[in-house]
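Engineer: could you work out the structure for the sequence below:
(one chain, ligands or ions: 1)
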Amino acid sequence: MEVRKNFGSKLGVVLAAAGSAVGLGNVWRFPTEVGNNGGAAFILIYLLCVILIGAPVMLSEFVVGRHTHTNTITAYRRLAPGSWWRFEGVAGVFVAFLILSYYVVISGWTLYYLIESARGSLSTDQDFTADFTSFVSHPWIPIVYAVLFMGMTHLVVARGVQSGIERCSKLMMPLLLLIIVVLVGCSFQMPGAHDGLSFLLKPDFSKVTTRVILSAMGQAFFSLSIAMGCLCTYASYFSSDTRLVRTALNVSIIDTAVAVLSGFIIFPAVFSVAGVEVNAGPGLVFITLPHVFQMAFSSYPLVGYLFSVLFYLLLLLAALTSAISLHESVTAYVLESTGMSRQKATLVVSLSCLVLSVACSLSFGPWSELKVFGMTIFELFDFAASKVIMLLSGIVICLFVGWRLDKKMVEAEVTNGGTVPFRLFRFYLFLIRFVVPIVISAIFVNELLR
Ligand code: PHE
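Structural biologist: Prediction:
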């Protein structure tokens, strides 16, 4: 069995964990949610959710991972032998596997759009909706791209924690941040940029309902990669001098900044082209934006070309670093529970996950009529993973760290044995013992009643 390595540097720790958090959820979901739910008012609520709910849960996952230095399933088993709590670890790894299966499908679309935009052939007939629909519903082309994307993820994870994940995060995250800055700059130069900004930033408190508050919390969870075993697994590679509180804060700040900046890229661009409708979700990045790229830069084709290539590259990098963390969450378990080599364990995870990915991809085309509880396979996976299991897991993690673990041990972990002061420890404990479980239960009930 391979010798367990830790991340080699502080920067590597933050960039790897931020790489997990910054993903497709930041770039397309957050801006649409902001736009539809009251602009700056939503951003404000979202920030509160990140600070009061997201960051404390993240810190709790760090505590479990770093204290045990093992994969998520073994971590809970070791901390609570023979009790029901151990299923929390199983849920985390299972949900990471499920999310990975559909995440690679959407990421495969991103890869396709990157290649098409680099070839300058994003749309030949101007009908972006038809192009998108015919691509995603094709029986095998999107599968090929999902396999290619999984191949990229596989190569990184197979190289291990330091030479794979850490090195790749140190390379890709700064590049991603640089692209964001360039694109924000470009977007601000566009003719109608001002309208886009006011759409994004005008606080409209009349749109804030409980449902909006609850969706801000759901978004914060997904975006911060909470409760999927990923952060717990990464924390198991933290060394004893990694500052957990500071890392959780840094990751939350980077993730939120990327989300807000993505809005600054997308909306000024979209509003600069009259008559383009703001779509939500995949439609925004795969239908609205290609249209915008082509229209807005018709007189400056080279700028338009670079803008679109950079945008899809940004999306691909964001997706890749997240997929790597999902993959590692499962691979670490397979590796450590079977004693397989890392290469073999990674292959087992990649191949078995691809079987589900094929089903997800087909559910946009030939299997679109196949419904379970009225949902396609893709919708079912997303619902089960990011609505049901993720939220339940979040509650369990907090209750586990807040009530089951020894308070002294938790305090020692977050303060590195008393060497790093954490004055808000009592407040943190109050949050994870009472506030977070109650609030997440509210989200859960809301999602189920939808
Ligand atoms: N946080 C990622 C995003 O915003 C998604 C993700 C969820 C990644 C869970 C890893 C674990 O897209």
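Engineer: secondary structure element for the residue of the stretch 301-450 of the chain found nearest the ligand, which one?
Structural biologist: Residue nearest to the ligand within the stretch 301-450 of the chain (Cβ to the nearest ligand atom): residue 322, separated by 3.7 Å. Placement of C-beta: from N, CA and C, glycine included. For residue 322, the enclosing helix or strand under DSSP states H and E is helix 301-338.
Engineer: give me the neighbour count for the residue of the stretch 301-450 of the chain closest to the ligand.
Structural biologist: 26 (other Cβ atoms under 10 Å).
Engineer: distance of it relative to residue 387?
Structural biologist: Note on residue 322: its distance to residue 387, by Cβ to Cβ, to the nearest Å, is 18 Å.
Engineer: what's the pLDDT at the residue lying closest to the residue of the stretch 301-450 of the chain closest to the ligand once chain neighbours are set aside?
Structural biologist: Ranked by Cβ to Cβ, 6 or more residues apart in numbering and with sequence neighbours excluded, the top spatial neighbour of residue 322 is residue 23, at 3.4 Å. pLDDT recorded at residue 23 is 96.
Engineer: what's the burial count for residue 23?
Structural biologist: If we define neighbours as other Cβ under 10 Å, then residue 23 has 26 of them.
Engineer: how about the one 5 residues further on?
Structural biologist: Burial of residue 28, expressed as a neighbour count using other Cβ under 10 Å, amounts to 24.
Engineer: same thing with residue 284?
Structural biologist: Applying other Cβ under 10 Å, I find that residue 284 has 21 neighbouring residues.
Engineer: pretty sure it contacts residue 31?
Structural biologist: Yes. Between residue 284 and residue 31 there is a contact at 7.5 Å, judged by Cβ atoms under 8 Å.
Engineer: overlap of the contact sets of these two?
Structural biologist: With contacts taken as Cβ atoms under 8 Å, 6 or more residues apart in numbering, the residues that reach both residue 284 and residue 31 are residue 266.
Engineer: briefly note if stretch 349-360 comes near the ligand.
Structural biologist: No. Applying Cβ under 6 Å from any ligand atom, one finds stretch 349-360 separated from the ligand by no less than 13.5 Å.
Engineer: in that stretch, what counts as buried?
Structural biologist: For stretch 349-360, the neighbour count (16 or more other Cβ atoms under 10 Å) marks 349, 350, 353, 354, 356, 357, 358, 359, 360 as buried.
Engineer: quick one: classify residue 290 as helix, strand or coil.
Structural biologist: helix (DSSP: H, G, I helix; E, B strand; the rest coil).
Engineer: enumerate the residues of the stretch 101-250 of the chain near the ligand.
Structural biologist: 222, 223, 225, 228, 230.
Engineer: where is pLDDT lowest across those residues?
Structural biologist: The member of these with the lowest pLDDT is residue 228, at 87.
Engineer: residue ranges in the stretch 1-150 of the chain under the pLDDT threshold?
Structural biologist: 1-2, 123-126 (pLDDT under 70).
Engineer: and the strands in it, which stretches?
Structural biologist: Applying DSSP state E, counting those that start in this stretch to the stretch 1-150 of the chain gives no strands.
Engineer: what angle sits between the helix or strand following the helix holding residue 322 and helix 301-338?
Structural biologist: On the C-terminal side of helix 301-338, the closest following helix or strand by DSSP H and E is helix 342-362. Per axes from the mean of the first three to the mean of the last three Cα atoms, to 10 degrees, the angle that helix 342-362 makes with helix 301-338 is 120 degrees.
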